[in-house]
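In: I need the structure of the sequence given here:
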Amino acid sequence: MRTIAIINQKGGCGKTTVSINLAATLASKGRRTLLVDMDPQGHCSLGLAVPEQQVDRSICDMLKAGLDGSIAMADVVWQITRNLDLAPSTMALAGVQQELAGAPDKDRRLVQVLSTVGDTYEFCVIDCPPSIGLLTFNALRAADEVIIPVETGYFAMQGAVRQEATIEMLARRAGHRARFRVVPTLYDVRTKLAREILSELGRHFGDKMLPVVIHFNSKLKEAASFGQPITEYDPGSRGMKDFENLADWLIANPPQFAQAPLESTQQTNPSMTRAAELVERARALSARTATLSARLAADPDVAMESQIDAPAPATATAVDEGEPPGINPDKKFSRVYGVRPTAQGLLFVQPAPKARQVSIAGDFNKWDPTATPMRRDDYLGVWQACIPVPPGRYKYRLVIDGKWVHDPYNSRYETNPFGELNSIVEIAKAEAAMGADLQQQA
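Out: Numbers count the residues shown, from 1 in each chain. This next block holds a predicted model:
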């Protein structure tokens, strides 16, 4: 059984929404799934229409009993849908830490009880409380992997790196290695702040950030209010599509080091090195956020851009690493950058002063990152390329030193199936015809 813990000590990040709908989506794909509610607030039960007053036995009873044989998981679970069972929680779970204070296996109770159903389920999803304590520690001990939902809001960005440090610290204390991934939630592509934060998350977490985004979708909230997972409430919604993408990625990418013991920290003391690295990353993120906030406050033009359809930031990395993504202090020259139709075709111009190689991939070259390299003009200090194409509407992305980003100087874009942004450009028939005439005259 593959066990996934959904952990974030910050509330309001969509943690329970991720737990419920990920478990339900896995079940809809034919995977026998157990959803364990480790939150005393019992939000999983509430979101799946399981009334607390009718819960005779809960995960709390399982943790207190351990492996004494007095209670089995079959006595606790509720069948929610085909292939999906819920081990509900009640407020009594809040007192477990005090009741198990003297037990030598107090932090291993959950992994013990889950071992009794390892052959019954293919997946187990654990919804953790918005705090760090014995309940979260039990979940981390039992997990093969950890998913950290991070809302794309200002305060969430500040705490994202600290959350990573906490998970690393708990994993080392538990002597257990679990793969962790960050998934952006409540993402609204229409707001500039959300796009900025998504870019920062990608910059800091790199391949630890899932290539999936959970967009803000009212259907997800409606589904919870009706006590249904999104798989039942609206299987055609954007929210359902996002969770299908998440489930598909997890199925296709199982962790490679589940349950592997940590190396001894007494020999090389890697925890000190890791802690120093995380502190430095947290400081850098805070400094960049402060700079961004100061610019937004000081520049009325930039502040106005955040309220209208302004150029969006790069999703994976900024074109110019020296500036906050999406903010160009020199607007006179920024109008030259980007893409525009010309008589010769589409002209692409990018600054990228620190890049070693820049190319363009789009549907006009079969998304081949090597087909259309951009040429560096040292005199003008820009990268440029001109592509003759027939009239039409085209999608493209920049490839800067191997990293795929969208064009931050093009305000037209759309979200692709991976939750990233494709830039959009159109060339009219008149412009294409003019280019053909000029080429014939030449």
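In: Pop out the phi and psi values for residue 11.
Out: Backbone torsions for residue 11, taken as degrees, to the nearest 10, come to phi -80, psi 160.
In: what's the closest non-adjacent residue to it?
Out: residue 130 (4.1 Å; Cβ to Cβ, 6 or more residues apart in numbering). Bear in mind the C-beta positions are built from the backbone N, C-alpha and C, glycine included.
In: That neighbour belongs to a helix, doesn't it?
Out: No: counting by DSSP: H, G, I helix; E, B strand; the rest coil, residue 130 falls outside a helix, being coil.
In: give the contact list for it.
Out: Neighbouring residues of residue 130 by Cβ atoms under 8 Å, 6 or more residues apart in numbering: 8, 9, 10, 11, 15, 39.
In: Could you do residue 13 as well?
Out: Under the criterion of Cβ under 8 Å, 6+ apart, the neighbours of residue 13 are 149, 150, 151, 156, 185, 186.
In: Which one (most neighbours) among the residues you listed?
Out: Neighbour counts for the contacts of residue 13 (other Cβ atoms under 10 Å) peak at residue 150, which has 27 neighbours.
In: Could you measure from it over to residue 383?
Out: Computed as Cβ to Cβ, to the nearest Å, the residue 150 to residue 383 distance reads 33 Å.
In: Backbone torsions only: list them for the residue nearest to residue 120 when sequence neighbours are not counted.
Out: The shortest distance from residue 120 to any non-neighbouring residue, by Cβ to Cβ, 6+ apart, is to residue 32 (6.8 Å). According to degrees, to the nearest 10, the main-chain angles of residue 32 amount to phi -60, psi 120.
In: Mind putting the contacts of residue 13 into a markdown table with secondary structure?
Out: Below are these laid out as a markdown table (three-state DSSP):
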| residue | secondary structure |
| --- | --- |
| 149 | strand |
| 150 | strand |
| 151 | strand |
| 156 | helix |
| 185 | strand |
| 186 | coil |
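In: Out of the residues you listed, which one has the weakest pLDDT?
Out: Least confident entry in the contacts of residue 13, by pLDDT: residue 156, with 65.
In: re the thing from before, what about the contacts of residue 130, which are in helices?
Out: Of the positions in those, residue 15 sit in helices, assigned by DSSP state H.
In: got the residue ranges for the helices in the stretch 1-150 of the chain?
Out: Assigned by DSSP state H, counting those that start in this stretch, the stretch 1-150 of the chain shows helices spanning 15-28, 43-47, 59-65, 96-99, 109-115, 134-142.
In: any idea which of these is most buried?
Out: Compared across the helices of the stretch 1-150 of the chain, helix 15-28 shows the largest average neighbour count, a mean of 27 (mean count of other Cβ atoms under 10 Å).
In: Give me the mean pLDDT for that helix.
Out: 95.
In: What's the end-to-end length of stretch 177-197?
Out: 28 Å (Cα to Cα, to the nearest Å).
In: Now do the phi/psi pair for residue 184.
Out: According to degrees, to the nearest 10, residue 184 has phi -70, psi 140.
In: That one against residue 205, yeah?
Out: No: judged on Cβ atoms under 8 Å, residue 184 makes no contact with residue 205 at a distance of 9.8 Å.
In: if you count what's nearby, which of the two comes out ahead?
Out: The residue with more neighbours, out of residue 184 and residue 205, is residue 184; 26 against 20, by other Cβ under 10 Å.
In: bridging residues for that one?
Out: Beta-bridge partners for residue 184, by DSSP bridges, are residue 150.
In: domains of this protein?
Out: 2-276, 323-441 (automatic domain parsing).
In: give the contact list for the residue nearest to residue 120.
Out: 83, 120, 121, 122, 123.
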